[in-house]
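Visitor: coordinates only, sequence not included:
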């Protein structure tokens, strides 16, 4: 499958998980923890695979390196916030506040990526290359999930 379609699917899956987490309450600590673990694993696997399989080739072949570098920094910020969330008690009011901020960061990142970076990728790579990147992305993501 085309890497752009795979990335969009992942983006939607993570946004759905973040929305579900936002709707939980302190009493649902077990549910919060389960959703968090699933979301954290998905985000980390996606981020690492995307950086390797999508960002690096686009950095070499695209016309807007600043856009790619900004996206990489956004990934780093998301990972730092996830580390902070990981060390926060799921029954804490701060936990849900941090999840809300994470959701906002992810939504902002996704919007920019799907609008600008995908356009850049369509210019830099042909359909066959995007398909090959999709296969490589799926493999990289599976490897990342196995290491989690």
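Guide: Happy to help now that I have it. Values in this document were obtained by computation on a predicted structure and should not be read as measured data. Residues are numbered from 1 along each chain as shown.
Visitor: From residue 90, how far out is the closest residue to residue 24 other than its chain neighbours?
Guide: The spatial neighbour of residue 24 that comes closest, neighbours along the chain excluded (CB to CB, 6 or more residues apart in numbering), is residue 32 at 4.7 Å. All C-beta atoms are positioned from the backbone trio N, CA, C, and that covers glycine. Separation of residue 32 from residue 90 (CB to CB, to the nearest Å) stands at 4 Å.
Visitor: Mutual contacts of the two, please.
Guide: With CB atoms under 8 Å, 6 or more residues apart in numbering applied, the contact sets of residue 32 and residue 90 do not overlap.
Visitor: rewinding a little: in what helix or strand does the residue nearest to residue 24 lie?
Guide: In the assignment (DSSP states H and E), residue 32 maps to helix 29-50.
Visitor: Need the per-residue pLDDT for the residue lying closest to residue 114 once chain neighbours are set aside.
Guide: Using CB to CB, 6+ apart and skipping residues adjacent in sequence, the residue nearest residue 114 is residue 8, 6.5 Å away. Note for residue 8: predicted pLDDT of 97.
Visitor: ok, residue 8 - how many residues close by?
Guide: Using other CB atoms under 10 Å, residue 8 has 15 other residues around it.
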